[in-house]
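**Q** Next come a sequence and a model predicted from it.
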Amino acid sequence: MVLLGSIVPKKGPARALELLWPLRHQVRVDLYGPAVDPDEWARCRAVLDRVEPDVAWAAHGPVGHDEVAGIFAAADLFVLPTLGENYGYAIAEALEAGCPVLTSDQTPWRALGAAGCGWDLPREPVAPWQDRVREVIGWDQDQRSAARRAAVARAAAARATEEA
């Protein structure tokens, strides 16, 4: 799983880490982005600092735009429990890289589940978020490949609509 974006409350990185906490021994979570909001970064660090040494979590800090596609391409899921996005460029970039997305329903990126490339869920309750992550954990290679193809197709459809 990857979290990529500015470390600010609106993007929800601390919330994402907390909702993934019960699954910490089943997933690797990589957090990328500048710590813009010191309080939000402190909340993220509070989660990361309490994990056991054998849990695969890492905070990488800011990355260059030229690295973003590769980061998404290497991940099985982009998690973004945002409070709201006008567009959601990171969502578009994840989908273009073939990375399914788990985001809030507060973006224009809707019906991701129907498209087979992720989910757009209400921020509450957290159980459906954890259920979707468990689903991704259980995917076999065929399911993972199908979700990646669906993500690329969803991005292409969005791009065609925008260009029209």
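**A** Here it is on my side, so go on.

**Q** Just the buried positions in stretch 109-128, please.
**A** 109, 112, 115, 116, 117, 118, 119, 120, 121, 123 (16 or more other Cβ atoms under 10 Å). Bear in mind the C-beta positions are built from the backbone N, C-alpha and C, glycine included.

**Q** meant to ask about stretch 69-86
**A** Of all the residues in stretch 69-86, those buried under the rule 16+ other Cβ under 10 Å are 71, 72, 75, 76, 77, 78, 79, 80, 81, 82, 85.

**Q** Tell me how far the fifth one lies from residue 147.
**A** It refers to residue 77. 9 Å (Cβ to Cβ, to the nearest Å).

**Q** Could you name every residue contacting both of those two?
**A** Listed as contacting both residue 77 and residue 147 by Cβ atoms under 8 Å, 6 or more residues apart in numbering are 100, 118, 136.

**Q** what about the last one, which SS state?
**A** For residue 136, the secondary-structure state derived from DSSP: H, G, I helix; E, B strand; the rest coil is helix.

**Q** Let me see the contact set for it.
**A** Residues near residue 136 by Cβ under 8 Å, 6+ apart: 1, 76, 77, 100, 102, 147.

**Q** among those, which are in helices?
**A** Among these, the ones falling in helices (DSSP state H) are residue 147.

**Q** Quick one: the strands in this protein, in order.
**A** Along the chain, the stretches classed as strands by DSSP state E are 2-4, 29-32, 57-61, 78-80, 101-104, 118-121.

**Q** Output those strands in a markdown table, with distance to residue 45 and mean pLDDT appended to each entry.
**A** Formatted as a markdown table, these follow (distance: least, Cβ to Cβ, whole Å; pLDDT from 0 to 100):
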| stretch | distance to residue 45 | mean pLDDT |
| --- | --- | --- |
| strand 2-4 | 14 | 97 |
| strand 29-32 | 10 | 96 |
| strand 57-61 | 8 | 92 |
| strand 78-80 | 18 | 98 |
| strand 101-104 | 23 | 98 |
| strand 118-121 | 26 | 98 |
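
**Q** Dump these to a markdown table, plus distance to residue 128.
**A** Formatted as a markdown table, the strands of the chain follow (distance: least, Cβ to Cβ, whole Å):
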| stretch | distance to residue 128 |
| --- | --- |
| strand 2-4 | 18 |
| strand 29-32 | 18 |
| strand 57-61 | 22 |
| strand 78-80 | 13 |
| strand 101-104 | 10 |
| strand 118-121 | 5 |
